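Asks: okay, predicted coordinates and the sequence, questions at the end:
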Amino acid sequence: MNYIAGSADVAVIGAGHAGIEAALASARLGLKTILFTINLDAVGNMPCNPSIGGTGKGHLVYEIDALGGEMGYSADLVTLQTRTLNLGKGPAVHSKRVQADRIKYREIMKKTIENTENLSLIQAEIVDFITEEDNGIKKITAVVTNMGAVWNVKAAIICAGTFLNGKVITGECAYASGPDGMLPATKLTDALIRENIEVYRFKTGTPPRVHADTVDFSVLEIQNGDENTSPFSSRTDTEYYNNIKQTPCHIVYTSGETHDIIKNNLHRSPLYSGVIKGTGPRYCPSIEDKVVRFADKERHQLFVEPCGKETKELYIQGFSSSLPEEVQIKMLHSLKGFENAQMMRTAYAIEYDCINPTQLYPTLEFKSISGLYGAGQFNGTSGYEEAAAQGLIAGINAVLKIRNKEPLILTRDSSYIGTLIDDIVTKGTNEPYRMMTSRSEYRLLLRQDNADFRLTPIGYKLGLISEERYNAYLEKQAAINEEVERASRVTISPSDALNEILVENGTTPVTTGIKLADLLRRPQLNYAMLAPVDKTRKELPTAIINCAEVIIKYDGYIKRQLAEVEKFTKTESIKLPSDIDYSEIKGLRIEARQKLNQIRPENIGQASRISGVSPADITVLLIYCQQNRRQNEVNQ
């Protein structure tokens, strides 16, 4: 028997990384928000791996923070080790990754939620939602819990993660479950199908967890963190962050024995026996999948990472598996240093329901149901960072819709968040989508070091960035601009000291004065090298120096990308009518008509990125838009 439990402006379903950001954004912007979770002890859980960031993902975390989100700040507070990936490449692909204390992360996130005004945290499974017709538009009006509680709402955001019809599979053992032994959400999919929402079946996996006292670390490679790195969040005290005593990680390798064990048991692998039906992540395959796909490789690198300071549990990154438990134990014991290792948690694959994200607007609202949003793995993505980014945008847009304000749609040239959302709602995905720097055409503009420059003014305008924080941002930008201007103005005189630096670093000595900026543009040189001859240099924070150096060093390339952005902006500005029937436009190919009618692009730029829409089809649309504009002018 259902009963009316109460009302709120926004309901957020699921308290994982997407749900947390969505709920906090909604509540901080002043709306009454309810965050539902199947288990209060799993708020902000990290069932896959105890880390935040990584290639492309670190960019997302910086952007979330720049907009006023929470992930970066909480990750800073629980950092066990920090490293910047891809330092051997250009600054566009430098990506921060931290090893996080997963237990403390959960505690901090739960505490943050419990102490946020306008936000209620409730343990309940949402099994249904209610819609009503309003002037021919279907809109959400309520969500329903498994206990029969009906909560009247103006908007709802589904952030179900891997819980929807979750099924854990290990060898021949398969059972209904959410991640980490949690209960699955078994009924909400029925409500989605009832509303003609297209549902997919994806899968992901985890490696075994091992007791640290049973591992011989003396035979493993040690992997220390980086010193003096910038935290994810501008809220984090840099001095505190750089004084964190970092925990070492370790590296181990599979062996021929490991591979033989896997090969001899492939017939028992759910991946190859047909038991697993869901599509798995391309860029995070299981160890058995790697052994099969890369049969020529003699070994695979694995990373041994702590799960927290107050636990002996270790995570073995790269060793995900769904083979039977007894096979996993043999595989584990075949690793050097793990001969006597105790497996605390068995590796597993988990299948779950998600949606075709082309059913969403770029705001992450469903096209068919007003006020209903999706975020995170529910939208077919993988990863905590991708989830948090979507949750933040969905939460913001739910608030803006309720207040009848213009939505927030980040463009591809503004952010990785904009690229992520544009990719999934425009192109869709037939496998769990993972953010990588290669996904962006504008990598040099979308660096980690300038995320605040790109997005903090937006967060401030929305109301998620405080006045104090915004003023600090303005001061930082002024300092960066001042340093860039100084470098272009200051001349370094020729001297033995300068030429010694130049020769030592493999670049040509000088006989006349040379601008500091011109020296910095030499690939072999950087700020630190030139410090002895740069007499007018001030003491500046590392973040300001790094950003200024990139602007100076890559000035020509940045200008070139800005020119490309200008072209991109022109196509994005040509809007397509929302009521257009593409099947009636002559000249469009059949596939293009079908795809355009399905996705309903908002502008020519988005239309051009739809798979199956050719340049010729775009020309037809441009002609249609010109004719449509002329006709409207005549009618006026």
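Replies: Here it is on my side, so go on. Numbering: from 1, shown residues only.
Asks: low-confidence ranges, this protein, go.
Replies: 636 (pLDDT under 70).
Asks: nearest residue to the middle of it?
Replies: The centroid of the chain falls nearest to Glu386 when counting by Cα atoms, centre = their mean (2.3 Å).
Asks: who touches that residue in this structure?
Replies: Lys57, Leu60, Gly376, Leu420, Tyr433, Arg434, Met435 (Cβ atoms under 8 Å, 6 or more residues apart in numbering). In short, each C-beta sits where N, CA and C put it, glycine included.
Asks: run the last query once more with 6 Å
Replies: Met435 (Cβ atoms under 6 Å, 6 or more residues apart in numbering).
Asks: if I look at it, how far off is Tyr315?
Replies: 20 Å (Cβ to Cβ, to the nearest Å).
Asks: tell me which residue of the chain is furthest from the middle?
Replies: Distance from the centre of the chain peaks at Thr511, with 49.2 Å (Cα atoms, centre = their mean).
Asks: picking that back up, from Thr279, how far out is the residue nearest to the centre of the chain?
Replies: For Glu386, the distance to Thr279 - Cβ to Cβ - is 16 Å.
Asks: Thr512: neighbouring residues, count only.
Replies: Using other Cβ atoms under 10 Å, the number of residues around Thr512 comes to 7.
Asks: now the strands: where do they sit in the stretch 101-250 of the chain?
Replies: All strands of the stretch 101-250 of the chain, identified by DSSP state E, counting those that start in this stretch, fall at 119-123, 126-134, 137-145, 149-152, 155-158, 167-170, 173-176, 199-206, 209-211, 221-223, 249-253.
Asks: return the set of buried residues in stretch 581-599.
Replies: Tyr582, Ile585, Leu588, Ala592, Arg593, Lys595, Leu596, Gln598, Ile599 (16 or more other Cβ atoms under 10 Å).
Asks: for those residues, which one is nearest Glu195?
Replies: Nearest to Glu195 out of the buried residues of stretch 581-599 is Gln598 (Cβ to Cβ; 16.5 Å).
Asks: name the SS class of that closest one, please.
Replies: Classification of Gln598 by DSSP: H, G, I helix; E, B strand; the rest coil places it in helix.
Asks: tell me the contacts of it?
Replies: By Cβ under 6 Å, 6+ apart, Gln598 has no neighbours at all.
Asks: how far away is it from Pro357?
Replies: In terms of Cβ to Cβ, Gln598 sits 12 Å off from Pro357.
Asks: likewise for Pro208?
Replies: 32 Å.
Asks: now do Asn340
Replies: 46 Å.
Asks: ok, these two, which is more surrounded?
Replies: Pro357 (24 against 10).
Asks: phi, psi of the more buried one?
Replies: Pro357 adopts backbone torsions of phi -70, psi -10, taken as degrees, to the nearest 10.
Asks: not counting sequence-adjacent ones, nearest residue to it?
Replies: Once flanking residues are discounted, Pro357 sits nearest to Ile424: 4.0 Å by Cβ to Cβ, 6 or more residues apart in numbering.
Asks: what is the neighbour count of that neighbour?
Replies: Ile424: 23 neighbours (other Cβ under 10 Å).
Asks: any idea how far Ala142 lies from Thr426?
Replies: 31 Å.
Asks: which one's more surrounded, these two?
Replies: Counted by other Cβ under 10 Å, Ala142 and Thr426 do not tie: Thr426 has more neighbours, with 23 against 20.
Asks: tell me where the stretch 501-636 of the chain has helices.
Replies: Using DSSP state H, counting those that start in this stretch, the helices of the stretch 501-636 of the chain run over 516-520, 527-530, 542-553, 555-572, 590-599, 604-608, 615-635.
Asks: can you give the contact residues for the last one?
Replies: Which is helix 615-635. Ile574, Ile585, Gly587, Leu588, Ala592, Ser608.
Asks: now render these as JSON lines, adding distance to Ser382.
Replies: Below are these laid out as JSON lines (distance: Cβ to Cβ, whole Å):
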{"residue": "Ile574", "distance to Ser382": "33"}
{"residue": "Ile585", "distance to Ser382": "36"}
{"residue": "Gly587", "distance to Ser382": "39"}
{"residue": "Leu588", "distance to Ser382": "34"}
{"residue": "Ala592", "distance to Ser382": "29"}
{"residue": "Ser608", "distance to Ser382": "26"}
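Asks: go ahead and name everything in contact with stretch 5-18.
Replies: With Cβ under 6 Å, 6+ apart, stretch 5-18 has contacts from 19, 22-23, 26, 31-37, 43, 126, 143, 149, 151-161, 375-376, 384, 387-388, 390-391, 398, 402.
Asks: next one: stretch 25-44
Replies: For stretch 25-44, using Cβ under 6 Å, 6+ apart, the contacting residues are 8-13, 15, 20, 23, 105-106, 109-110, 116, 118-126, 182-183, 392, 395-396, 398-399, 463.
Asks: quick one: Arg630 from Thr619, how far?
Replies: Taken as Cβ to Cβ, the span from Arg630 to Thr619 is 17 Å.
Asks: revised request: answer the last question for Gln561.
Replies: 26 Å.
Asks: give me phi/psi at Arg600?
Replies: phi 50, psi 60.
Asks: setting aside sequence neighbours, what's the nearest residue to it?
Replies: Once flanking residues are discounted, Arg600 sits nearest to Lys367: 6.5 Å by Cβ to Cβ, 6+ apart.
Asks: can you get me a residue count around that neighbour?
Replies: 14.
Asks: what's the answer for Asn118, then?
Replies: The burial count for Asn118: 18, using other Cβ under 10 Å.
Asks: list the residues that contact it.
Replies: Counting by Cβ under 6 Å, 6+ apart, Asn118 has contacts Ala27, Lys32, Thr33.
Asks: what does Val93 give?
Replies: Asn86, Thr437.
Asks: could you redo the last one with a cut-off of 7 Å?
Replies: Asn86, Thr437, Arg443 (Cβ atoms under 7 Å, 6 or more residues apart in numbering).
Asks: so how far is Ala25 from it?
Replies: 28 Å.
Asks: swap in Met1?
Replies: Distance from Met1 to Ala25, by Cβ to Cβ: 34 Å.
Asks: ok, those two, which is more surrounded?
Replies: Ala25 (31 against 4).
Asks: host element of that one?
Replies: Here Ala25 sits within helix 17-28, counting by DSSP states H and E.
Asks: follow-up on the earlier one: how about the nearest residue to the residue farthest from the centre of the chain, chain neighbours excluded?
Replies: Pro494 (5.6 Å).
Asks: what are the phi and psi values at Thr456?
Replies: Torsion angles, degrees, to the nearest 10, at Thr456: phi -60, psi -40.
Asks: ok, now the one 10 residues further on?
Replies: Backbone dihedrals for Ser466, given as degrees, to the nearest 10, come out at phi -70, psi 160.
Asks: likewise the one 4 residues further on?
Replies: When quoted as degrees, to the nearest 10, the phi and psi of Tyr470 stand at phi -70, psi -40.
Asks: that one touches Tyr460, doesn't it?
Replies: Yes - Tyr470 is in contact with Tyr460 according to Cβ atoms under 7 Å; the separation is 4.4 Å.
Asks: so the two - more neighbours on which side?
Replies: Tyr460 (20 against 16).
Asks: so who does that one touch?
Replies: Counting by Cβ under 7 Å, 6+ apart, Tyr460 has contacts Tyr470.
Asks: Thr536 now?
Replies: Arg486, Val490.
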